[in-house]
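Student: could you work out the structure for the sequence below:
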Amino acid sequence: MTKPFPNTASAPAAARASVAPLGLLGIHDTDDPCRYERSAQPWEVIGTPIGGGQFRVHKVFVATPNCLLYRESCATRLQVQALSPEGMLACAVPLKLGSHSSYFRRSLHERGLPATLPTGLEAVLDQGQEHLLLLLQLSLLRRVLPPAQAGLLEAGAAAQVLPASSATLRALGRWLNGFLARVHRSPEMLRHPAAVVALERELVLGLAARILPTGPDIRPEPESRRRRGYDQAIELIRYADLDALDLPDLCAASGVSPRTLDYAFREHLGMSPGAFVRKLRLHALRRALLASDAGQSTVTELAYHLGFTHLGRLATHYRQTFGELPSATLARPFPGDYPPFWTGHSGGGTRAAVVNTFP
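Tutor: Numbering: from 1, shown residues only. This next block holds a predicted model:
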């Protein structure tokens with residue numbers, strides 16, 4: 001649910017309009033993988049439950065025009081393959097992990113904070129896992145921090161780990177939890193532009209103060225040609241018409257050979273480029289089917305719209321992936337979406353009305 005702001009029903013309409021909130025805060029408690037995907041903006045997410053048990057992901061969040069902070073917990077093990085948000089630095093602060101928890105296809109044995117710039121990534125959220133996710137617009141980082149500090153944060157995120165001790169991560173987690181609780185206790189602050197600017201600066205400066213070294217600079221290894229090609233291919237996938245996309249297009253745009261690109265996708269996402277694109281399209285079809293009313297749309301129309309032309313083969317792959325035929329998904333009543341918790345993102349395709357949006 002989206003947490004309501006204090007009641008302003010008795011105020012004149014003009015006064016209420018003048019104090020429209022500049023951010024969102026609330027709680028998402030999701031018991032369906034498809035709803036989890038649809039409400040995950042600004043991420044483009046593929047969520048695949050692993051093992052049995054009832055699916056449930058719980059989020060407590062606050063969002064401003066340039067920042068998103070949320071605490072997330074998982075009742076069942078979940079594999080997440082995602083396109084991370086465009087134009088944002090993202091980092092995950094582990095609070096409670098399981099033996100199967102991993103980020104970027106690596107176990108968390110490294111001493112550091114998992115972080116990333118916009119790219120494609122994979123993570124396994126273990127049963128009972130809890131973490132905080134902080135997303136910051138790169139333009140905000142560069143505006144608030146001195147160039148050297150902003151460069152250090154971006155360099156560490158490009159290497160997908162910001163060096164930090166276990167004690168530093170615990171302290172960062174406590175501070176971010178306190179920030180989240182403070183805004184939820186006083187949501188009226190989100191109606192004031194100066195307060196929102198102060199909150200955003202606090203997040204940026206607080207992260208830099210707790211993570212950046214006071215001694216030698218972070219010196220990540222130079223980015224490999226394979227990694228550059230992978231990131232360029234991900235950007236093409238992010239914007240391309242997926243039904244017209246093929247491997248030669250990806251290779252030509254990324255400037256690497258098919259073998260190099262295949263190695264890169266398997267390293268970062270655990271599958272080939274073609275398999276990843278097909279999976280994106282299958283999950284997009286499921287979200288579209290779930291949100292469509294039977295009688296208003298057909299499986300055939302939605303499948304053709306997403307570029308599927310072999311409907312028999314599609315039905316087989318869909319059933320193998322989701323355990324039911326596309327027609328069964330379309331016939332199921334749509335429970336409705338939570339509002340996306342960051343409306344600055346244009347993708348995702350959610351149809352839910354969003355309340356308390358920024359201007």
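
Student: can you show me the strands along the stretch 51-200 of the chain?
Tutor: 57-64, 67-74, 78-83, 88-96, 102-103, 106-107, 112-113, 115-116, 120-125, 130-137, 162-163 (DSSP state E, counting those that start in this stretch).

Student: quick one: the first one to strand 120-125, angle?
Tutor: Interaxial angle of strand 57-64 relative to strand 120-125 (axes from the mean of the first three to the mean of the last three C-alpha atoms, to 10 degrees): 130 degrees.

Student: Y318: which element?
Tutor: In the assignment (DSSP states H and E), Y318 maps to helix 311-322.

Student: please state the offset of the very next helix or strand once past that helix from the chain centre?
Tutor: Toward the C-terminal end, the helix or strand that comes next after helix 311-322 (DSSP H and E) is helix 326-331. Mean-position distance between helix 326-331 and its chain equals 26 Å (C-alpha atoms, centre = their mean, to the nearest Å).

Student: again with stretch 124-133
Tutor: 14 Å.

Student: before we move on, back to that, lowest-confidence stretch among the strands of the stretch 51-200 of the chain?
Tutor: Averaged per stretch, pLDDT over the strands of the stretch 51-200 of the chain is lowest on strand 106-107, reaching a mean of 74.

Student: hey, where'd the helices end up in this protein?
Tutor: 13-18, 33-38, 138-144, 147-158, 166-185, 193-211, 225-239, 247-254, 258-269, 273-291, 299-305, 311-322, 326-331 (DSSP state H).

Student: what would these look like in a markdown table with mean neighbour count, mean pLDDT and distance to L78?
Tutor: C-beta: built from backbone N, CA, C; applies to glycine. Converted to a markdown table, the helices of the chain look like this (neighbours: other C-beta atoms under 10 Å; pLDDT from 0 to 100; distance: least, C-beta to C-beta, whole Å):
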| stretch | mean neighbour count | mean pLDDT | distance to L78 |
| --- | --- | --- | --- |
| helix 13-18 | 10 | 40 | 40 |
| helix 33-38 | 22 | 87 | 8 |
| helix 138-144 | 17 | 95 | 28 |
| helix 147-158 | 18 | 92 | 23 |
| helix 166-185 | 15 | 94 | 20 |
| helix 193-211 | 17 | 93 | 26 |
| helix 225-239 | 18 | 85 | 21 |
| helix 247-254 | 16 | 83 | 27 |
| helix 258-269 | 18 | 88 | 15 |
| helix 273-291 | 20 | 87 | 14 |
| helix 299-305 | 16 | 86 | 25 |
| helix 311-322 | 15 | 89 | 15 |
| helix 326-331 | 18 | 89 | 19 |
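
Student: with distance to G51 added, can I get those in a markdown table?
Tutor: Output for the helices of the chain, formatted as a markdown table (distance: least, C-beta to C-beta, whole Å):
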| stretch | distance to G51 |
| --- | --- |
| helix 13-18 | 48 |
| helix 33-38 | 13 |
| helix 138-144 | 37 |
| helix 147-158 | 31 |
| helix 166-185 | 27 |
| helix 193-211 | 34 |
| helix 225-239 | 28 |
| helix 247-254 | 33 |
| helix 258-269 | 20 |
| helix 273-291 | 19 |
| helix 299-305 | 29 |
| helix 311-322 | 16 |
| helix 326-331 | 22 |
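
Student: please identify which of those helices is closest to P65.
Tutor: Nearest to P65, of all those, is helix 193-211, at 7.4 Å by C-beta to C-beta.

Student: which strands or helices does that closest one pack on?
Tutor: Counting contacts by 3 or more C-beta pairs under 8 Å, 6 or more residues apart in numbering; DSSP states H and E, helix 193-211 packs against strand 57-64, strand 67-74, strand 130-137, helix 138-144, helix 147-158, helix 166-185.

Student: to W43, which of those lies closest?
Tutor: strand 130-137 (8.9 Å).

Student: and the angle for the closest one with strand 67-74?
Tutor: Interaxial angle, strand 130-137 versus strand 67-74 (the same axes, to 10 degrees): 160 degrees.

Student: quick check: the residue sitting nearest the centre point of the chain vs P65, distance?
Tutor: Computing the C-alpha centroid of the chain and ranking residues by C-alpha atoms, centre = their mean puts W43 first, at 2.8 Å. W43 sits 17 Å away from P65 when distances are taken as C-beta to C-beta, to the nearest Å.

Student: could you do A115 as well?
Tutor: 21 Å.

Student: gap between the two ends of stretch 98-112?
Tutor: Using C-alpha to C-alpha, to the nearest Å, one end of stretch 98-112 lies 17 Å from the other.

Student: in it, what's buried?
Tutor: S101, S102, Y103, F104, L108, G112 (16 or more other C-beta atoms under 10 Å).

Student: so can I have TSV of the residues you listed showing distance to E324?
Tutor: What follows is the buried residues of stretch 98-112, written out as TSV (distance: C-beta to C-beta, whole Å):
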residue	distance to E324
S101	29
S102	29
Y103	31
F104	31
L108	35
G112	41
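
Student: out of these, which one sits closest to G120?
Tutor: F104 (10.3 Å).

Student: is it true that that closest one touches G112?
Tutor: No. In this structure, F104 is not within contact of G112 by C-beta atoms under 8 Å, at 11.3 Å.
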